Every structure is written in C-alpha cells, then in structure tokens.
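Colleague: please find the sequence and the predicted model below.
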Amino acid sequence: MKTYLTRRYMFSASHRLHSDTMSDAENVATYGKCNNPFGHGHNYTLEVMVSGAVSESTGMVCNLVDLDGFVQREILERFDHQNLNTLAEFAKVVPTTENLCIVVYDILQRGFHHAHLEKVRFEETMMNSFEYWGNNRVIE
Amino acid sequence: MVYLTRKAEFSASHYYHNPQFTAEENQRIFGKCNNPNGHGHNYTLEVTVKGEVDPRSGFVVDLKQLKDTMSREVLEALDHRFLNKEVPEFFTQIPTTENLTIAVWQRLSPKLKAAQLHRVRVYETPDLFVDFYGEA
C-alpha cells in the first residue's frame, strides 16, 4: 500500500535578493529589505516528502538511513552556514526560497532513488513556507 | 467539500525486527530500532475527514463522535502499549510508522459513518511523519 513519508531537516544560511536584470531602484522596490547588499540569514526548515509501496519485509517506504545520509551529504553539507548567493546554483537565479525549493528538488530528483520524490517544502520563517512538487503535478 | 482534521496523542513502544532476516541483516537494516527491549515515542495522530457541511448543524461531522471513535478504536488499543506484543496487527507486521498509519486507517475507516476518511497522518517525532490516503 502506498504511503507518503516526510522528514524535516534544518539548516542556516544567508542570502540577498537582487536581480541583475533590474535597476537598483527596481530591486529595492521589488525586494525591500531583502535587497540589503550585506545579506541577511534564516534558519530554514526543509521537508522532503517521498512515497512508495510499503515493503513487506522491512515495513518501510525507504530506509531513513539512506534518506538522511543523502540529504546530509548532498544538501545540508552544501547549504548549511553558507551565503547562498556565492553558490554555483544561484549564480544566475535569485536565491529566493522558491528557487531554493526547485534547486533542492532537482538535487533529490537526480540523485536519490530509494523512493519516489513527491515534494520539497521549505519554511523560511515560522510565518512563510514554499513548496515544489516538480513540473508534472496537476493541482486538483 | 470541507476537510476537518482532529489531532490526538498517544505514547507507545516498539522495535523493528524481521524474523526472516539474520541477526546481522536486522542490525544493518534497522540499526538501533532493532533493540529487542523496544523504545518509545510520543506519537501525534491527525485524522482528516471530508464531507459536505450539513445545512442544519453546520457540521461536516459531529466532533464528539469523531473523538469517541478515535479514542475507542485507536487510542485505547495503542496508548501505553508495546506495539509488537500487544497490538494484533504487529504480531506479524513490523510496527514502522508506515504500517502504523495504515493500521489506524483500517481501524477507523469502517467505523466512520457521517464523514468519509480522507487522510491519516502519524508523527513519530516532530521531524518525521507518514501520510496514508487509503491508496492501494
């Protein structure tokens, strides 16, 4: 039977929202205090949802050791205590949490094959969150 | 269609072990969850039902009835129990959160009358939860 398993992780990083395609005035108008040239930081909460049939022999959708290991190695070690703007992934895209969702989804989609990836969700603060289900999801 | 979610908490112990695996395999696959003396969690259960709002009562479901059904069918059976030894589903199945979520659905689904069960979510810890929608 198909179940959906969600695991939460935390990391801290800084960013600055600034688009080279806009003038300085447009950047300030669009991003407000997030455009501060020195950047600012967040404690991000990442939720990874995977799905699949529950294995009869293990009772699991996927072994958490595999998921935790992958996320630790490929995501937390890459993003924790970094300035997102300095990373290759954000050389050309603004490190909004929307784009962070897509970047992390793509890393999981490409490299994690122990269960089907359903969704990546980020809480940037306690008051806002973002989710990405990949391109093929039709919202009901 | 309106969706209503009720939360409840229960505490239970379990361990993960498949008698068809060798001791080494059990240890490798299940790690510290394989300790035969068990370990415990404070589980949070979320039950979501769906239905049309009754024009006379304004309810999707009578919350008292839903609470009573959850207490009788789920909490009394699971709360302060050793799942492997006291809950029949887990005499043969491993009491992972996946299987626990399915078991809660199977206990509740036939007992709910007015509203239809939509989702069962079980948090094993605040950082790990499983959803089941009744899909095959």
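Modeller: Great, that's in hand.

Colleague: so what pLDDT did the nearest residue to residue A:22 once chain neighbours are set aside get?
Modeller: Computed as C-beta to C-beta, 6 or more residues apart in numbering or on different chains, the closest residue to residue A:22 that is not its neighbour in sequence is residue A:30, at 6.5 Å. For glycine as for every other residue, the C-beta is placed from the backbone atoms N, C-alpha and C. The score at residue A:30 is 96. That number is its pLDDT.

Colleague: name the residues of whichever helix or strand residue A:30 is part of that are buried.
Modeller: Applying DSSP states H and E as the criterion places residue A:30 in helix A:24-31. Within helix A:24-31, the residues that count as buried by 16 or more other C-beta atoms under 10 Å in any protein chain shown are A:27, A:31.

Colleague: and chain B, which of its residues are near chain A?
Modeller: Residues of chain B lying close to chain A (C-beta under 8 Å from any C-beta of the partner chain) are B:16, B:18, B:20-21, B:29-31, B:93-99, B:101-102, B:126-133, B:135-136.

Colleague: which residues does residue 82 bridge with?
Modeller: Since no chain was named, I'll use chain A. Bridge pairing for residue A:82 (DSSP bridges) gives the partners residue A:13.

Colleague: look at chain B instead
Modeller: Under the criterion used (DSSP bridges), residue B:82 bridges to residue B:13.

Colleague: the chain: strands as residue ranges?
Modeller: Reading this off chain A. With strands called from DSSP state E, chain A shows them at A:2-15, A:40-53, A:82-83, A:116-125, A:128-132.

Colleague: hmm, I had chain B in mind actually
Modeller: B:2-14, B:39-51, B:81-82, B:116-125, B:128-132.

Colleague: between the ones you listed, which one is closest to residue A:93.
Modeller: Counting by C-beta to C-beta, residue A:93 lies closest to strand B:128-132 out of the strands of chain B; the figure is 30.5 Å.

Colleague: in its sheet, what does the closest one sit against?
Modeller: strand A:2-15 (antiparallel), strand B:116-125 (antiparallel).
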